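Q: Here is the input, now give the coordinates:
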Amino acid sequence: MNQSEPIIKTSLPRMAADGITTPSIAVMIPCFNEEQTIATVVEDFKKALPQARIVVCDNVSTDQTGDRARAAGAEVIYESMPGKGNAVRRLFSDIEADIYVMVDGDATYEAAVAPKLVSHLLEQRLDMVCGKREASVDAAYRKGHVLGNKMFTALVAGVFGRRFDDILTGYRVFSRRFVKSFPILSEGFEIETELTIHALELNMPVAEIPSIYLERPDGSDSKLNTISDGLKISKLIVKLIKDERPMTFFGWLFLIFSATSLILSFPVAITYLDTGLVPRLPTAVLSSAAMLLSFLFLACGFILDSVTRSRRERKRIAYLSIAGPASIDAAQMSTFPQGASNEPV
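A: Numbering: from 1, shown residues only. So this is what the prediction gives:
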């Protein structure tokens, strides 16, 4: 197969034999060197969602990931720019469906819960349902990753609102209007943070459902670097706060610099009141500069807040221009596989 030719198909709602229209589902699996597990992941999701398309994006793998995925029955497309964010961007761009399931190719997420996630999204007419990770064993979810996830979740919740307990999960179900209105900018593992903040920023209807997080099989290595990827996620969160909450970002800079100016100016002012002299001229200059900068930051916050509001309105209009997920009734629910309970959590 020519790796430069992507597989692009249009997937429309399907008409079942009894005349009931069911939404089309695409399972998207971004992968890098997952030859040990990808076949298992494809086969498990074929069983859990037999009516779904399974699409694997081989992200410059140097092993047999693409071949094994194809042998297991998945469609395979290729993304030449390394990074999970780039692979997800390619999948979002090329794949057409009503419902999108995104999952990692490392066999750490249980496929059996996929029908539950999809059903909950359709029943409640949501735009994103996340599989909140609950470790099956301690080794599956390293303590450093747990701590980092809690810290990032708390930071995002403090700025954008708490609607998620696990912002870094790689197991998500999306509506079509989420996928086709989301301008992905991330290139690596920070994509999950960007997905979460996008949903929070536009006040989309979302939910979380617990999902067992499994230990990686023997011979399968994690591609996540705790330090470097943690720094990338931190950098992205700060950038998104600046872009989406400029009044908060520049307001804090205003407070920091104005407080610094007042602290520096206090001894200078006391000396001046006592002697009428300013012997600490450099300190006085530094204090004045800090106060000027603080008000510049405040002005930037006001201006960019107006710009951000206008940009958010345009994003919301683009989001609303795409039809949302249709509600699903009991007859349609009967067409879904019962691999997991469809009771919403």
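
Q: hang on, residue 174 in a strand?
A: Yes - counting by DSSP: H, G, I helix; E, B strand; the rest coil, residue 174 is part of a strand.

Q: So it versus residue 212, what's the distance?
A: 21 Å (Cβ to Cβ, to the nearest Å). All C-beta spots, glycine's among them, are computed from the backbone N, C-alpha and C.

Q: Settle it for me: which of the two has more neighbours?
A: residue 174 (28 against 15; other Cβ atoms under 10 Å).

Q: May I have the residues that are in contact with the more buried one?
A: By Cβ atoms under 8 Å, 6 or more residues apart in numbering, residue 174 lies in contact with 99-100, 102, 121, 127-128.

Q: one more time with 6 Å
A: 100, 128 (Cβ atoms under 6 Å, 6 or more residues apart in numbering).

Q: same thing with the one 3 residues further on?
A: For residue 177, the set of contacting residues under the criterion of Cβ under 6 Å, 6+ apart consists of 322, 324.

Q: any idea how far it lies from residue 287?
A: In terms of Cβ to Cβ, residue 177 sits 52 Å off from residue 287.

Q: again with residue 209
A: Counting by Cβ to Cβ, the gap from residue 209 to residue 287 is 54 Å.

Q: what ranges of the protein fall below the confidence cut-off?
A: Within the chain, the stretches falling below the threshold (pLDDT under 70) are 1-21, 136-144, 218-226, 327-345.

Q: Return the residue of it that is most distant from the centre.
A: residue 275 (59.8 Å; Cα atoms, centre = their mean).

Q: Quick check: the gap between it and residue 283.
A: With Cβ to Cβ as the criterion, residue 275 and residue 283 are 15 Å apart.

Q: Go through stretch 27-46 and flag the buried ones.
A: With burial defined by 16 or more other Cβ atoms under 10 Å, the residues of stretch 27-46 counted as buried are 27-42, 44-46.

Q: Could you do stretch 238-254 as well?
A: 240-247, 249-251, 253-254.

Q: That stretch: end-to-end distance?
A: 16 Å (Cα to Cα, to the nearest Å).

Q: quick one: the helices in the protein?
A: With DSSP state H as the criterion, the chain has helices at 38-48, 65-71, 84-94, 114-124, 143-160, 176-180, 191-201, 226-244, 246-275, 281-320, 330-333.

Q: what packs against the third one?
A: It refers to helix 84-94. Applying 3 or more Cβ pairs under 6 Å, 6 or more residues apart in numbering; DSSP states H and E, we find helix 84-94 packed against strand 25-31, strand 53-59, strand 75-79, helix 191-201.
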